[in-house]
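J.: Need coordinates for the following:
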Amino acid sequence: MAEMGVIPSMQPSHAIGDLNFAPDRLGLERLQYAYPWRSLVDLGLPILAGSDAPVEIGDPRIEFYAAITRSRLDGSQDEGWHPEFAVSRAEALKMFTLWPAYGAFQESERGSITVGKRADLSIFDTDFMTANPQAILKAETRLTIVSGNIAYDGRKQN
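T.: Numbers count the residues shown, from 1 in each chain. The predicted structure follows:
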């Protein structure tokens, strides 16, 4: 993939759902090749991630959690889940910001909070970069901005 310049697109929530049935369908031997985010990032490949809504719930908290833990929402894992394929929090953030912008040839327009780029972002009451993974799942949205305009203001709810 790296030699060919392939840019993989993977939704982390698929892994934590698929791994509930994949051992029976694929076998433990083949699971070592399922959702190998760590291996791909180590090869220098950017992974484009998203919510895959409506197939998945479409919750960025679940996606980020799945990328950094490779665990079910209750924190559990089973044989074959390969926690060593999880990515760092910084890499997970790139999976949902910079790398998809790069994959869409829009890295000069979006993908980071930079003067001159489109402001498409959500602000949570929890720091995903330092919080306990379970706390990420309980984070509340405080503000959502789309194209520089406030689309949701949860601060007014309090």
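
J.: rest of the way, CA atoms for contacts and neighbours
T.: Will do.

J.: List the residues that contact H82.
T.: Contacts for H82 (Cα atoms under 8 Å, 6 or more residues apart in numbering) come out as Q32, R70.

J.: Roughly how far does it sit from K94?
T.: Going from H82 to K94 by Cα to Cα, to the nearest Å gives 21 Å.

J.: Strands along this structure, start to end?
T.: Listed in chain order, the strands of the chain (DSSP state E) span 121-124, 141-146, 149-153.

J.: nearest to A67, of these?
T.: Nearest to A67 among the strands of the chain is strand 121-124; the distance by Cα to Cα comes to 17.8 Å.

J.: Neighbouring strands of the closest one in the sheet, and parallel or not?
T.: In the sheet, strand 121-124 lines up against strand 141-146 (antiparallel) (DSSP bridges).

J.: could you give the mean pLDDT of the strand it pairs with?
T.: On average, the pLDDT along strand 141-146 is 94.

J.: go on, stretch 10-23?
T.: 90.

J.: quick one: which of the strands of the chain is nearest V115?
T.: Short answer: strand 121-124, nearest of the strands of the chain by Cα to Cα, at 13.8 Å.

J.: Name the residues of the closest one that come out as buried.
T.: Neighbour counts using 16 or more other Cα atoms under 10 Å place L121, S122, F124 of strand 121-124 among the buried residues.

J.: Save those residues as JSON lines, and put in pLDDT and distance to A66 too.
T.: Shown next, in JSON lines, are the buried residues of strand 121-124 (pLDDT from 0 to 100; distance: Cα to Cα, whole Å):
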{"residue": "L121", "pLDDT": "92", "distance to A66": "20"}
{"residue": "S122", "pLDDT": "94", "distance to A66": "18"}
{"residue": "F124", "pLDDT": "97", "distance to A66": "17"}
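
J.: quick one, what contacts Q11?
T.: L48, A49, G50, S51, D52, E63.

J.: again, only this time at 6 Å
T.: Counting by Cα atoms under 6 Å, 6 or more residues apart in numbering, Q11 makes contact with A49, G50.

J.: ok so, going back, for the strands of the chain, give me CSV that also has distance to G17.
T.: Below are those laid out as CSV (distance: least, Cα to Cα, whole Å):
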stretch, distance to G17
strand 121-124, 24
strand 141-146, 24
strand 149-153, 29
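
J.: does S51 really touch G58, like I thought?
T.: Yes: if you go by Cα atoms under 6 Å, S51 and G58 touch, sitting 4.4 Å apart.
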